[in-house]
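Undergrad: missing the sequence, but the structure's below:
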């Protein structure tokens, strides 16, 4: 166990998480894999984007199928050959506001090209072994700040769903809140009971929540009958790609932030499961994420990276087997070509989704805070994560007021909490920690060299 692992373990009371290599019997593995799929960004995020952005039915179906295919292929390869951790792939929440805004502005094709370019750059950095070196410059304080901001950003979506979904006639009604509370309560109770109840807590929550929704008349499977049995994702569904420098730079930055978040997920998961994680596995994992995102861009979906809810599920259920995640990848691939099965998931009522997501988001926030606290070398280091989190929470609400006085690229970036917080945390790490360390090493080296020179060679 590394020093960081020991520190993290001493902070974390959930020490009964299973091994990454635990080989679970097939029937149980299938159920656990399905549970991971049900509490997944791979279907929740595209449905959310399509709904808010106003996608046509055809584009919405293609977005879901494309995301399932890219996420499934990369999840399968990641868990089997590359990073070999229980990491489920899906769209990073960092892309959601960008996707919605660019679609409404009619620039979604340029965003797809920008994502492809950003993914290609990261892919080259990973296969040449450079990404892990870039990542090594950044401490766990940066990863912790990013993971915390991702968890906080998930809470907005989770509570929108918890209350019934904005625009829904059931939004904020008593029975929507009751269904959400029953779902969340089931997950939390199962986690507290431990054993098999904890292992299948999210599945029990989904079942109990859907039963409660059915009793309230909110469970509607009418769309399942109209969904096609077979469908194939289309290449470039938004039309031919176009190049926009501002959009491209923004997408490159956001993708870099997403993969830094993904490495944070690797580290947090490896620490939780007490597994060593070396540079080779990090580079291989990031190459897989970038390759999958290039495919995703071609199919009209968005960046497919390791996402934070997965860590919450591992922590709450205690199951960290990568073999379970392989099953999840296979399920995603099947759903990509059989939309009728995916329509069953899509029919899950909003309060049930909110009830499932809030406990997962809460554990993600705690994991981020714990990771940020691993490295405490001095006052400057202790400022990195708080400054990033504060900027991510404090600047975006002022974005509309700030935009007129900023360059267009910066005006685009300041709207996104994860982007702002990540950039500030990285800059704080470089300026407050790495630069002083480099200067001290240079001064020490100069002093050592001077001490070794005879006095008659010093001049004067």
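TA: Happy to help now that I have it. Predicted model only: the values in this text are computed from it and were never measured.
Undergrad: how about whichever strand or helix holds residue 354: buried residues?
TA: Counting by DSSP states H and E, the element that carries residue 354 is helix 350-372. Within helix 350-372, the residues scored as buried using 16 or more other C-beta atoms under 10 Å are 350-372. Every C-beta, even on glycine, is put in place using the N, C-alpha and C of the backbone.
Undergrad: near residue 436, how many other residues are there?
TA: Counted with other C-beta atoms under 10 Å, the neighbours of residue 436 add up to 12.
Undergrad: residue 310 versus that one, what's the distance?
TA: Note on residue 436: its distance to residue 310, by C-beta to C-beta, to the nearest Å, is 36 Å.
Undergrad: and residue 79, by the same measure?
TA: According to C-beta to C-beta, residue 79 and residue 310 sit 11 Å apart.
Undergrad: what residues do those two have in common as contacts?
TA: Common neighbours of residue 79 and residue 310 (criterion: C-beta atoms under 8 Å, 6 or more residues apart in numbering): 86-87.
Undergrad: re the thing from before, just after the helix holding residue 354, pick out the following helix or strand.
TA: Moving toward the C-terminus from helix 350-372, the first helix or strand encountered (DSSP H and E) is helix 379-394.
Undergrad: could you give the separation of the helix holding residue 354 from the chain centroid?
TA: Relative to the centre of its chain, helix 350-372 is centred 12 Å away, using C-alpha atoms, centre = their mean, to the nearest Å.
Undergrad: equivalent analysis for stretch 319-331, please.
TA: Averaged C-alpha coordinates place stretch 319-331 at 17 Å from its chain's average position (C-alpha atoms, centre = their mean).
Undergrad: quick check: mean pLDDT of it?
TA: Mean pLDDT, computed over stretch 319-331, is 88.
Undergrad: what's it in contact with?
TA: Stretch 319-331 has contacts (C-beta under 8 Å, 6+ apart) with 17-24, 29-30, 32-34, 36-37, 40, 71-80, 84-89, 199, 269, 272-273, 314.
Undergrad: and those residues, which are buried?
TA: Using 16+ other C-beta under 10 Å as the burial test, these include 17-18, 20, 22, 24, 29-30, 32-33, 36-37, 40, 71-79, 84-89, 199, 269, 272-273, 314 as buried.
Undergrad: show me those residues that map onto helices.
TA: Under the assignment DSSP state H, these contribute 29-30, 32-33, 36-37, 71-79, 199, 269, 272, 314 to helices.
Undergrad: how close does the residue most central in space within the chain sit to residue 391?
TA: By C-alpha atoms, centre = their mean, the chain has its centre lying nearest to residue 307, at 2.3 Å. Noted for residue 307: a distance of 22 Å to residue 391, by C-beta to C-beta.
Undergrad: for residue 427, see how far away the residue nearest to the centre of the chain is.
TA: 25 Å.
Undergrad: now residue 238
TA: Relative to residue 427, residue 238 is positioned 34 Å away (C-beta to C-beta).
Undergrad: how about residue 390?
TA: For residue 390, the distance to residue 427 equals 13 Å [C-beta to C-beta].
Undergrad: could you check the pLDDT of residue 2?
TA: At residue 2, the model reports a pLDDT of 40.
Undergrad: kindly apply the preceding question to residue 258 instead.
TA: pLDDT, residue 258: 80.
Undergrad: how about the one 10 residues further on?
TA: We have a pLDDT of 80 for residue 268.
Undergrad: which residues touch the residue lying closest to it once chain neighbours are set aside?
TA: For residue 268, ignoring the flanking residues on the chain, the nearest one in space by C-beta to C-beta, 6 or more residues apart in numbering is residue 367 at 5.2 Å. Contacts for residue 367 (C-beta under 8 Å, 6+ apart) come out as 147, 151, 268, 272, 311-312, 315.
Undergrad: residue 61: neighbour count?
TA: If you count neighbours by other C-beta under 10 Å, residue 61 ends up with 23.
Undergrad: per-residue confidence averaged over stretch 166-185?
TA: When pLDDT is averaged along stretch 166-185, the result is 84.
Undergrad: to clarify, my last question referred to stretch 394-412.
TA: The average pLDDT within stretch 394-412 is 84.
Undergrad: so which residues make contact with that stretch?
TA: Residues outside stretch 394-412 that contact it (C-beta under 8 Å, 6+ apart): 246-247, 249-250, 414-417, 420.
Undergrad: now do the residue nearest to the centre of the chain against residue 347, distance only.
TA: 22 Å.
Undergrad: what do you get for residue 374?
TA: For residue 374, the distance to residue 347 - C-beta to C-beta - is 41 Å.
Undergrad: these two: who's more crowded?
TA: A side-by-side neighbour count of residue 374 and residue 347, using other C-beta under 10 Å, places residue 374 first with 20 against 16.
Undergrad: I figured the more buried one hits residue 142, correct?
TA: No: using C-beta atoms under 8 Å, residue 374 makes no contact with residue 142, being 11.6 Å away.
Undergrad: which residues do the two both contact?
TA: With C-beta under 8 Å, 6+ apart, residue 374 and residue 142 have no common neighbours.
Undergrad: is it true that the residue nearest to the centre of the chain touches residue 91?
TA: Yes: here residue 307 reaches residue 91: they are 7.3 Å apart, a contact under C-beta under 8 Å.
Undergrad: for residue 261, see how far away residue 79 is.
TA: From residue 79 to residue 261 the distance is 18 Å (C-beta to C-beta).
Undergrad: what helix or strand is residue 305 on?
TA: Taking DSSP H and E as the definition, residue 305 sits inside strand 304-306.
Undergrad: give me the sheet partners of that strand and which way each runs.
TA: Using DSSP bridges, the strands paired with strand 304-306 are strand 89-91 (antiparallel).
Undergrad: would you confirm that residue 268 contacts residue 372?
TA: No: counting by C-beta under 8 Å, residue 268 does not reach residue 372; the two are 10.8 Å apart.
Undergrad: against residue 412, how distant is residue 122?
TA: 20 Å.
Undergrad: give me the more crowded residue out of the two.
TA: Using other C-beta under 10 Å as the criterion, residue 122 and residue 412 rank with residue 122 on top: 27 against 21.
Undergrad: now the more buried one, nearest residue through space, not along the chain?
TA: Once flanking residues are discounted, residue 122 sits nearest to residue 290: 4.3 Å by C-beta to C-beta, 6+ apart.
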